[in-house]
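S.K.: Structure for the following, please:
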Amino acid sequence: MLKDQRTVCYEDFMNAVSEKTYFDANHRIISLSQEKLDAILETWESPVD
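M.R.: Have a look, this model is predicted:
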(Lines give C-alpha, C1' and ligand atoms only; values in the text may rest on other atoms or scores of the structure.)
Protein backbone atom coordinates (compact mmCIF):
# COMPACT_ATOMS: atom_id res chain seq x y z
CA MET A 1 0.00 0.00 0.00
CA LEU A 2 1.42 3.34 -0.94
CA LYS A 3 -0.59 6.53 -1.23
CA ASP A 4 -4.34 7.11 -0.95
CA GLN A 5 -5.03 3.35 -0.78
CA ARG A 6 -3.20 2.82 -4.09
CA THR A 7 -0.96 -0.21 -4.50
CA VAL A 8 1.92 -1.45 -6.62
CA CYS A 9 3.00 -5.08 -6.75
CA TYR A 10 6.21 -5.63 -4.79
CA GLU A 11 8.19 -6.91 -7.77
CA ASP A 12 7.13 -3.98 -9.97
CA PHE A 13 7.92 -1.50 -7.21
CA MET A 14 11.38 -2.91 -6.54
CA ASN A 15 12.18 -3.00 -10.26
CA ALA A 16 11.04 0.62 -10.69
CA VAL A 17 13.18 1.96 -7.84
CA SER A 18 16.85 2.41 -8.53
CA GLU A 19 17.76 4.19 -5.28
CA LYS A 20 17.95 1.15 -2.97
CA THR A 21 20.22 0.74 0.01
CA TYR A 22 20.62 -2.88 1.05
CA PHE A 23 20.07 -3.18 4.79
CA ASP A 24 20.25 -6.94 5.22
CA ALA A 25 19.23 -10.11 3.38
CA ASN A 26 15.50 -9.35 3.21
CA HIS A 27 15.25 -5.58 3.73
CA ARG A 28 15.89 -2.54 1.57
CA ILE A 29 15.86 1.13 2.51
CA ILE A 30 14.18 3.29 -0.12
CA SER A 31 13.71 7.05 -0.12
CA LEU A 32 11.55 8.58 -2.86
CA SER A 33 10.45 12.07 -3.74
CA GLN A 34 6.74 12.68 -4.12
CA GLU A 35 7.28 13.08 -7.88
CA LYS A 36 9.02 9.70 -8.20
CA LEU A 37 6.33 8.00 -6.12
CA ASP A 38 3.59 9.52 -8.28
CA ALA A 39 5.40 8.36 -11.44
CA ILE A 40 5.66 4.80 -10.09
CA LEU A 41 1.96 4.79 -9.21
CA GLU A 42 0.99 6.07 -12.65
CA THR A 43 3.03 3.35 -14.35
CA TRP A 44 2.64 0.34 -12.05
CA GLU A 45 -0.57 0.77 -10.03
CA SER A 46 -2.36 -2.51 -9.30
CA PRO A 47 -5.97 -2.98 -8.23
CA VAL A 48 -6.56 -4.09 -4.66
CA ASP A 49 -8.10 -7.56 -4.58
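S.K.: Tell me if Thr21 really is in a strand.
M.R.: Yes: the assignment for Thr21 by DSSP: H, G, I helix; E, B strand; the rest coil puts it in a strand.
S.K.: Show me the beta-bridge partners of it.
M.R.: Partner residues in beta bridges with Thr21: Ile29, with DSSP bridges as the criterion.
S.K.: how close does it sit to Ile40?
M.R.: Per Cβ to Cβ, to the nearest Å, Thr21 is found 17 Å from Ile40. The way it works is simple: take the backbone N, C-alpha and C, and place the C-beta from them, glycine included.
S.K.: out of the two, which sits in the more crowded spot?
M.R.: The neighbour comparison of Thr21 against Ile40 (other Cβ atoms under 10 Å) goes to Ile40, with 20 against 9.
S.K.: which residues are contacting the longest helix belonging to the chain?
M.R.: As far as residue count goes, and with DSSP state H defining each element, the longest helix of the chain is helix 34-44. Residues outside helix 34-44 that contact it (Cβ atoms under 8 Å, 6 or more residues apart in numbering): Leu2, Lys3, Arg6, Val8, Cys9, Asp12, Phe13, Ala16, Val17, Leu32.
S.K.: Could you tell me which of the residues you listed belong to strands?
M.R.: In strands, judged by DSSP state E, the following of the contacts of helix 34-44 are found: Val8.
S.K.: Out of the contacts of helix 34-44, the closest to Asn26 would be?
M.R.: Minimum separation from Asn26 among the contacts of helix 34-44 (Cβ to Cβ) is found for Phe13, which lies at 15.1 Å.
S.K.: how many neighbours does the closest one have?
M.R.: By the other Cβ under 10 Å criterion, the neighbourhood of Phe13 contains 18 residues.
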